[in-house]
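Trainee: Give the three-dimensional model of this entry:
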Amino acid sequence: MAGYIGSSRPYLDGSHEADLCLVAMFPYTNGSGACYHFKDAEGHVLVSFSKGRATLATGDRVRASFVVQSHEEYNGVQQDITKKFKVLKRL
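Mentor: All right, here's what the predicted structure looks like:
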């Protein structure tokens, strides 16, 4: 398990940039957006929520900037919940 990105108060850490791989995408049932699960090279799991149509597919690699909003554990997996997630480029 890779743990979390940043400190115990992630909202004070500012923005991060990383190369990520999309490992799972869960569209909202009404089609208004999706929940994305990414992994970085160190194995950190990042979760991003978006509105609008999904533009990424599982396995896509991207360079992204984001702010870690909080740290959570879900089903035994440590996750960083992000905000201000922006894909800078596809790799």
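Trainee: Name whatever forms a beta bridge with His71.
Mentor: Asp80 (DSSP bridges).
Trainee: what's around it, how many residues?
Mentor: For His71, the neighbour count with other Cβ atoms under 10 Å is 17. Quick note: C-beta positions are derived from backbone N, CA and C, even for glycine.
Trainee: Against Arg53, how distant is it?
Mentor: Using Cβ to Cβ, to the nearest Å, we find His71 at a distance of 29 Å from Arg53.
Trainee: And for His16?
Mentor: Taken as Cβ to Cβ, the span from His16 to Arg53 is 25 Å.
Trainee: Compare these two (neighbour count), which wins?
Mentor: When His16 and Arg53 are compared for neighbours, His16 comes out ahead with 18 against 10, by other Cβ under 10 Å.
Trainee: got the contact list for that one?
Mentor: 5-6, 65-68 (Cβ atoms under 8 Å, 6 or more residues apart in numbering).
Trainee: quick one: which of the residues you listed is nearest Gly59?
Mentor: Phe66 (19.4 Å; Cβ to Cβ).
Trainee: Using the centroid of the chain, identify the residue furthest from it.
Mentor: The C-alpha centroid of the chain is most remote from Asn30, which lies 21.2 Å away (Cα atoms, centre = their mean).
Trainee: which helices and strands sit right next to the strand or helix carrying Thr82?
Mentor: Using DSSP states H and E, Thr82 maps to strand 77-90. Where contact means 3 or more Cβ pairs under 8 Å, 6 or more residues apart in numbering; DSSP states H and E, strand 77-90 is packed against strand 45-51, strand 61-74.
Trainee: one more time with 10 Å
Mentor: strand 15-27, strand 33-40, strand 45-51, strand 61-74 (3 or more Cβ pairs under 10 Å, 6 or more residues apart in numbering; DSSP states H and E).
Trainee: Please identify the pairing partners of the third one and their relative orientation?
Mentor: Meaning strand 45-51. With DSSP bridges as the test, strand 45-51 is paired with strand 33-40 (antiparallel), strand 77-90 (parallel).
Trainee: Now tabulate those strands in TSV and tack on mean pLDDT, mean neighbour count and distance to Leu46.
Mentor: Formatted as TSV, the strands paired with strand 45-51 follow (pLDDT from 0 to 100; neighbours: other Cβ atoms under 10 Å; distance: least, Cβ to Cβ, whole Å):
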stretch	mean pLDDT	mean neighbour count	distance to Leu46
strand 33-40	94	18	5
strand 77-90	93	15	5
